[in-house]
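In: this is a predicted model, with the sequence first.
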Amino acid sequence: MKDFQYSFELWEDIPPVISYHDTPRVSVSEKGLFAMNGAMRRNVGDQRAFRVKISPDGYYLALCIEQAPNVQFSRQSGYTTHHRLKELLREKGILLPAVYTMEWHEERRAWIGHCQELPPPPDSKTIRRVIKNQEKRTGRGNA
């Protein structure tokens, strides 16, 4: 470390860690529950009516605050049931539940989010293979 040649002035701070619970999100469940998480409810304050738009591929969703609303979330719970949105996402190939991580975009006056798709669960054959490999490594399969 004696030959440390870097100047700290050129170094960059890394972004702060943001807790999962502090990240604004909206989700659409397999039952059609369209919900804002606690962080999203805190960020939007009392506003619960939005013009909701979705990109052609379904991977982006916007909650616009200055256009005529087409969705009204519950004031207390922050969710509503929206079966047509659920079906629309399925038609676009989006796996449910769909979770959108939201960010405020001042120029659009909208919260815009990208779908964070979860991979489908492995099939039973894959699960058995993984368990068998783990048993081989730990010696539990030789009893």
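Out: Okay, I see it.

In: after the lengthiest strand in the chain comes which helix or strand?
Out: Ranked by number of residues, the top strand in the chain under DSSP state E is strand 98-105. Going down the chain from strand 98-105, the next helix or strand is strand 110-115, by DSSP states H and E.

In: pairing partners for that next one, with directions?
Out: strand 60-64 (antiparallel), strand 98-105 (antiparallel) (DSSP bridges).

In: if you tally nearby residues, what's the number for R48?
Out: 19 (other CB atoms under 10 Å). In this view, the C-beta of every residue, glycine as well, is placed from N, C-alpha and C.

In: let me redo that: S55
Out: Neighbour count of S55, defined by other CB under 10 Å: 13.

In: for the one 3 residues further on, same thing?
Out: Burial measure for G58: 18 neighbouring residues, criterion other CB under 10 Å.

In: helix, strand, or coil at the nearest residue to D46 once chain neighbours are set aside?
Out: Once flanking residues are discounted, D46 sits nearest to R75: 7.6 Å by CB to CB, 6 or more residues apart in numbering. Under DSSP: H, G, I helix; E, B strand; the rest coil, R75 falls in the coil class.

In: so R75 touches A49, yeah?
Out: No - the pair R75 / A49 is not scored as a contact, 10.0 Å apart, by CB atoms under 8 Å.

In: shared neighbours, those two?
Out: Counting by CB atoms under 8 Å, 6 or more residues apart in numbering, R75 and A49 have no contacts in common.

In: where do the strands sit along the protein?
Out: Going by DSSP E, the chain shows strands at 25-28, 33-36, 49-54, 60-64, 71-72, 79-81, 98-105, 110-115.

In: which one of those lies closest to E91?
Out: Of all the strands of the chain, strand 49-54 sits nearest to E91, with 10.9 Å by CB to CB.

In: from C64, how far off is the nearest residue to Q72 once chain neighbours are set aside?
Out: Nearest non-adjacent residue to Q72, counting by CB to CB, 6+ apart: A49, 4.9 Å away. Separation of A49 from C64 (CB to CB, to the nearest Å): 10 Å.
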